[in-house]
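Visitor: Quick one, fold the following:
(chains A and B)
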Amino acid sequence: MTDPNAPRFFRLRCIFIEQGRLAMLSHLEVAHTLERTVRRAKLPFAVSQGFSPHMKIAFGAALPVGVGSTCEIFDLQLTEYVAPDKALAALRAASVPDLMVQECRYIEGKAPAASVAFPTSTYEVVFEAPISVAGIKVPETVTVVRKRKEKTLVVADYLVQPFAAVEGSPERVTFSLEAKPTGSLRPDVLLEHCTLPARTISITRIAQR
Amino acid sequence: MRYRSIWSEVAPLVAKAERPSRYINHEWGSVLTPEADFRFCMVYPDTYELGQANQALRILVNAVNARPGMSAERGFLPAADMCDALRQAGLPAFSIEGCAPLNSFDAVGITLPHELAATNVLEILDLSGIPVRAADRAEDDPIVVGGGPCAYNPEPYALFFDAINIGEGEESLPEGLEVIRSLRAQGASRRDIWRALAKLDGWYVPQLYGWRSADEAQAAGSWIEPVEPGLPITVRKQIYRGFAQSSGWEPCVVPFAEAVHDRLNVEILRGCARGCRFCQAGMMYRPVRERSADNVVSSVVEGLAQTGYDEVSLTSLSTTDHSQIRRILTRLNSAYEGSGVRISIPSQRLDSFGIDMAGLVAGQKKGGLTFAPEAGTQRLRDVINKNVTEDDLFGAIDAAFEAGWRRCKLYFMIGLPTETDDDVKGIARLVQQAYEHARAVVPKDQRGSIQIGASVALFVPKAQTPFQWDGQIPPEEALRRVNLLRHSVKYRAISINWHDPKTSFVEAVMSRGGREASYLVEEAWRRGARFDAWSEHFNEQAWRDAADSLGMDVAAIAQASYPTDYIMPWEHISCGASRRWLVRERALAEQERTTPDCTFEHCSGCGVCMDLGVDNELADERVLGSAGSADAAGKLGTVAGAATEEGANAVAGDCAVAAAAGADSAAVANAAAAGPIGGDAR
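Guide: Below you'll find the predicted structure:
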C-alpha cells in the first residue's frame, strides 16, 4: 500500500437474487434500493470523503430490465469487521423478499471490481411449453440501436455457449453470453431476434464467471 | 365487482410500460391486509413518481389501515402510455398493493392536490370503469370521496364525487368510511349513504344540493340549496387535534422508482399564521401546531433507521418559524455528522436567522438559496401582507453570500391586486440591489460566479383568501408587465424566468369557478384533456373547445373582480377564517396596512380558534428577532422554497411558488404539509 495512513476498509462481497416482479427494476433502481437496504441493516459502511459524501458500494454488471437473477453482486466497504453471517442476517432482515441477499464473504481489497471480474453470464430461459433446442433458430447478426446509432453485432462473438437443454426440464434452456470491452449483447435482445418454438415465460441470469 | 388481483393480466403490459416500477408494488414498507370487510383505495390523481411522496396519501392509508377490519391501499393514475395500453386491453386501473381493479373497492378516495388535476380524476374513474358522475353510479359501485387543498372550493368537482371531506383527514376520513361501511353492511342505498355523510361534520355531499343562479345566490347568501330538509348549509373544515402530540414518524413506503421528494419527510409543524393575503395554505391549515423538538428528533432518528433514507426533509409551511428549530437542527447535525445523511429545510425565514439555519444544515454543499419577497415594492408587500422589508432581504443576501452561497433565486408574483408599473419595475430594482449586495460581500475573484435569478409567476386568486374577490389580469397584460420587468434589468448576471402560463386560465377557473366549472372539466376531458400539469400533455384546445361548446366565458371567470359583499361560489365551505375577517383583510390591503402573525404577536381575529374550539399549539415561545436574528425590529419573512439544494426546494406552502411551478410536472408534484386528503399545500 502506497499510503500507510490511508483508511483500510473491509470489502464485503454480497450475492443477491432479483426475481419475480422485481426483475422489472432498472439497474439504477436496484442500486438505490440496495443502498437503502445497507442503511437499514445498520452495517458500518464507509462513506466517501469530500463535497458530496456517499456510501462506498459498487455494483456488478447491469442486468437488463425484465431479466431476473440468482447471482447478482454488490461489494460494500465496511469500516469495521462484521462476521459475514452477522452481516448476512442483518441484510436479509432489511431486504424485500424478491431482492434478497443470499451470501456474504470478504474479498481482497485489490480484487477486481464485480462489474468487470465476471464477463461471462449464463442465462436460463423458461418457455411456456416443452421445446427442443434444435427448434431455436439463432441469427448470425443482431442489429441494435444504441444512442440513436445502429450497431450490428455478430452473435458468435458473444454467444460463448450456445443454447443447451436442461436435463429433466424440457421447457428450459441455458446459454452464455460474454461481455466485450466494446459492448455486449443483451440476452433478451438475442431471444427477440431468434426464432423460438414457444413463448418465453422468463429469463434468469444463473451464473456469472 | 369482486375484489381480486389482476396482476397476471396486467403483467405483460407492465413489462412493456415506460417505467414498470410504477406498478409493481413490493416496495419496503408496502402493506396489504389480506382479510378485510371494508376495502378503501386512496388515489393520487397523477403518476406514481409524483404521488408516492405525497404525505397525505401516506397518512391516510395508515389511518384507515389502523381501523380494525379496514384495509387501505394506494392507487395512482397510470402514466399516459399505460392508460392507453390498459384501455386497449380492456383492463381497469388497479390498486398498487393488491393489484385489484379500483371498482372492486368499497370506497375510493381521490386527493385534489392542485387545480390542474381535475381531468385526471375523470381519467382514473373512467379507466376504472366507475361512472364519472356520482349520479350515474350503480348501487355496488364504490363510494368516491374527495379531499385536499382544492376541496376548499369543491364545486368544480361537484359532479364527480359522492362526498367531499373538508380539512384534515386523519380522523375525519376513517369516520366517514365507518359510516359507509356500516350502512353498506345494512344494505343501505347510495342515497342513504349520501344523507348520512352529509350530516357528518366536515363532509359535503354535492348531489344533495341544488345550484342557484347568480342572482338567487346573492339574494339568498349562498349558492347551494338543499334538495331536502335537514341538511346543513355550511360545511366546516375538520382538524386533527392530536397533531402536535402525535409522532412525526409513521411507517412509510420506500419506493424503487425515483420519485419526487424521495426522502424521509417529517412534518414538524402544521399551519402558518403569517397571513399572506394571497396564500390559501396559510388560511386553510390554521391554527399553527408544532411538534416538539424531542418528538421531531426522535421521529427523524426512527424514520431514517426504518427506511434507510439518506435524506430527511423537515416539512411545514414555514419550517424556520418553529420555536425550537435551532435546537432541532443542532441535535440532528451532531447525530448525523459524517454519515452522509442530509437534512433539508424546505422553507425558511427571509432574514439572517433563516440563513443561519440554512447554514447549519448545508455543510460543504451550498447549492442555491430561494427566497420569496413576492412583490417588488414595500407598498405592494404591505398590500399582500408579506411582512418582509428590503433590509430583511438584503440582510439575508449579505449573510448568505458571506457564508459561501453563490446562487440565489427570488420568487415574485405579477398581477397582484393594486399592482402598478412602479411595482413591476420595483422587482427589477430589488433584484439589482440584491445583486449589488452580493457583489459587495463576495471576494473579487469569485464575483463571476454570482447568479441571481428572479422567477415570476402570475397571480392566481384562491378561494378562502382575502384576495378571492380579485380577478386575474388578462394574459396580454401579464406579458406586457413581464416585458416591462425584463427591460428594466441592467445586469447580465441576473436572469428573469417567466413560464408562459398557458395553464393559468384553467387554474383560475378551477380556483374560482362554481358548479358550472365541473361541466367544463367533464367536457374538456371528453375532448382529450388529461395530465394538464404536464407541459407535454396539456391540451389547451380541448379546454377552449369545451368552453365554447358550453358557451362559457372562461376569461370572465378568471378575470372578474367583485366587491367584498359578493357571495362567492364556495362560501358554504368554511375553513374557519370568518367572512368578516377576510373582508377586513381585503380592506386593509387596499389601505396598505399589514396584519401581524398571531404566533409572534397578538391575535388578528381570523376566527379559526373560536370557530373550531382550538388554539395555536407552540412547543415554546416564538420571539420576534429571536435566536440570533440581526433584525431585532423583527420584521420577519417566510420564504416559500428556500432549501440548501435546488430541486429539493420545490416548495412548501407558498402559493406564489406553487403558482410559479405552473406546468412543470415535477414541481407541481407535492408540497409539504399533509393533513387533509391530499397534502399539497398550495
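Visitor: Tell me who's in contact with the residue of the stretch 101-250 of chain B found nearest chain A.
Guide: Across the stretch 101-250 of chain B, the shortest distance to chain A (CB to the nearest CB) belongs to B:Trp249, at 14.3 Å. From N, CA and C alone the C-beta is placed, and that goes for glycine too. When contacts are counted by CB atoms under 8 Å, 6 or more residues apart in numbering or on different chains, B:Trp249 touches B:266, B:298-300, B:302-303, B:306.
Visitor: Return a ChimeraX selection command for the buried portion of the residues you listed.
Guide: Applying 16 or more other CB atoms under 10 Å in any protein chain shown to these, the buried members can be selected in ChimeraX as follows:
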select /B:266,299,300,302,303,306
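Visitor: Secondary structure for the contacts of B:Trp249 - can I get that in JSON lines?
Guide: As requested, those are exported to JSON lines (DSSP: H, G, I helix; E, B strand; the rest coil):
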{"residue": "B:Val266", "secondary structure": "strand"}
{"residue": "B:Ser298", "secondary structure": "helix"}
{"residue": "B:Ser299", "secondary structure": "helix"}
{"residue": "B:Val300", "secondary structure": "helix"}
{"residue": "B:Glu302", "secondary structure": "helix"}
{"residue": "B:Gly303", "secondary structure": "helix"}
{"residue": "B:Gln306", "secondary structure": "helix"}
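Visitor: which among the contacts of B:Trp249 gets closest to chain A?
Guide: Using CB to the nearest CB, those come closest to chain A at B:Gln306, 7.1 Å.
Visitor: and the residue of the stretch 251-400 of chain B found nearest chain A, what does it touch?
Guide: For the stretch 251-400 of chain B and chain A, the shortest gap (CB to the nearest CB) falls at B:Gly308, measuring 3.2 Å. Applying CB under 8 Å, 6+ apart, we find B:Gly308 in contact with A:35-40, A:94, B:28, B:254.
Visitor: all strands for chain A, in order.
Guide: Per DSSP state E, chain A carries strands over the ranges A:10-18, A:57-59, A:68-78, A:101-107, A:120-127, A:141-146, A:149-154, A:159-166, A:169-178, A:200-208.
Visitor: For B:Gly271, find the nearest of these.
Guide: Set against B:Gly271 and scored by CB to CB, these come closest in strand A:57-59, at 40.6 Å.
Visitor: Would you indicate which residues of that closest one are buried?
Guide: A:57, A:59.
Visitor: is chain B contacted by that strand?
Guide: No - Strand A:57-59 lies apart from chain B when judged by CB under 8 Å from any CB of the partner chain; the minimum separation is 11.2 Å.
Visitor: what mean pLDDT would you report for that strand?
Guide: Averaged over strand A:57-59, pLDDT sits at 96.
Visitor: ok now it, how far from the chain's centre?
Guide: Remark: strand A:57-59 is offset 12 Å from the chain centroid, using CA atoms, centre = their mean, to the nearest Å.
Visitor: Show me what it pairs with in its sheet, parallel or antiparallel.
Guide: Using DSSP bridges, the strands paired with strand A:57-59 are strand A:68-78 (antiparallel).
Visitor: burial count for whichever residue of the stretch 451-600 of chain B sits closest to chain A?
Guide: Of the stretch 451-600 of chain B, the residue with the smallest distance to chain A, taken as CB to the nearest CB, is B:Gln451 at 18.5 Å. Counted with other CB atoms under 10 Å in any protein chain shown, the neighbours of B:Gln451 add up to 15.
Visitor: Against chain A, how distant is the nearest residue to it once chain neighbours are set aside?
Guide: If the residues on either side of it in the chain are set aside, B:Gln451 comes closest to B:Arg407, at 4.6 Å by CB to CB, 6 or more residues apart in numbering or on different chains. Going from B:Arg407 to chain A by CB to the nearest CB, to the nearest Å gives 15 Å.
Visitor: pretty sure B:Arg407 is touching B:Phe371, no?
Guide: No - between B:Arg407 and B:Phe371 there is no contact under CB atoms under 8 Å: 11.8 Å.
Visitor: Which residue of the two possesses the greater neighbour count?
Guide: A side-by-side neighbour count of B:Arg407 and B:Phe371, using other CB under 10 Å, places B:Phe371 first with 28 against 18.
Visitor: circling back: next up, phi/psi of the residue of the stretch 101-250 of chain B closest to chain A, please.
Guide: Phi and psi for B:Trp249, reported as degrees, to the nearest 10, are phi -100, psi 130.
Visitor: Let's see the pLDDT reported for it.
Guide: On the pLDDT scale, B:Trp249 gets 97.
Visitor: I'd like to know how far the spatially closest residue to it that is not a sequence neighbour sits from B:Gly248.
Guide: Spatial nearest neighbour of B:Trp249, chain neighbours left out: B:Ser299 (3.8 Å); criterion: CB to CB, 6+ apart. Computed as CB to CB, to the nearest Å, the B:Ser299 to B:Gly248 distance reads 3 Å.
Visitor: Can you work out which residues contact both of those two?
Guide: B:266, B:291.
Visitor: Can you give the distance from stretch B:581-590 to the centre of its chain?
Guide: Its chain's C-alpha centre and that of stretch B:581-590 lie 24 Å apart, by CA atoms, centre = their mean.
Visitor: Find the centremost residue of chain A, please.
Guide: Central residue of chain A (CA atoms, centre = their mean): A:Glu72, 3.9 Å from the mean position.
Visitor: In space, what's closest to that one - neighbours in sequence excluded?
Guide: Closest residue to A:Glu72 apart from its sequence neighbours, by CB to CB, 6+ apart: A:Phe16 at 5.1 Å.
Visitor: what's that neighbour in contact with, if anything?
Guide: So A:Phe16 contacts A:34, A:72-74, A:95, A:99-102 (CB under 8 Å, 6+ apart).
Visitor: Can you tell me which of those residues are buried?
Guide: Taking 16+ other CB under 10 Å as the criterion, what is buried in those is A:34, A:72-74, A:95, A:99, A:101.
Visitor: got the contact list for the residue nearest to B:Trp249?
Guide: B:247-249, B:266, B:291.
Visitor: rerun at 6 Å
Guide: B:247-249, B:266 (CB atoms under 6 Å, 6 or more residues apart in numbering or on different chains).
Visitor: for B:Ala118, same thing?
Guide: Residues in contact with B:Ala118, defined by CB under 6 Å, 6+ apart, are B:510, B:521.
Visitor: For it, give its distance to B:Ala56.
Guide: 17 Å.
Visitor: what do you get for A:Asp188?
Guide: Taking CB to CB as the measure, A:Asp188 falls 39 Å from B:Ala56.
Visitor: and those two? which has more neighbours close in?
Guide: Using other CB under 10 Å as the criterion, A:Asp188 and B:Ala56 rank with B:Ala56 on top: 30 against 16.
Visitor: And the residue of chain A closest to chain B?
Guide: Counting by CB to the nearest CB, chain A gets nearest chain B through A:Arg36, at 3.2 Å.
Visitor: Spatially nearest residue to that residue (excluding sequence neighbours)?
Guide: B:Gly308 (3.2 Å).
Visitor: In terms of residue numbering, what are the domains of chain A?
Guide: Here the domain parsing of chain A from automatic domain parsing is A:10-117, A:120-208.
Visitor: before we move on, back to that, relative to B:Asp84, which of the contacts of B:Gly308 is nearest.
Guide: Nearest member of the contacts of B:Gly308 to B:Asp84, counting by CB to CB, is B:Val254, at 29.3 Å.
Visitor: gap between the closest residue in space to that closest one that isn't next to it in sequence and A:Asp85?
Guide: Once flanking residues are discounted, B:Val254 sits nearest to B:Trp28: 4.3 Å by CB to CB, 6+ apart. As judged by CB to CB, B:Trp28 and A:Asp85 stand 23 Å apart.
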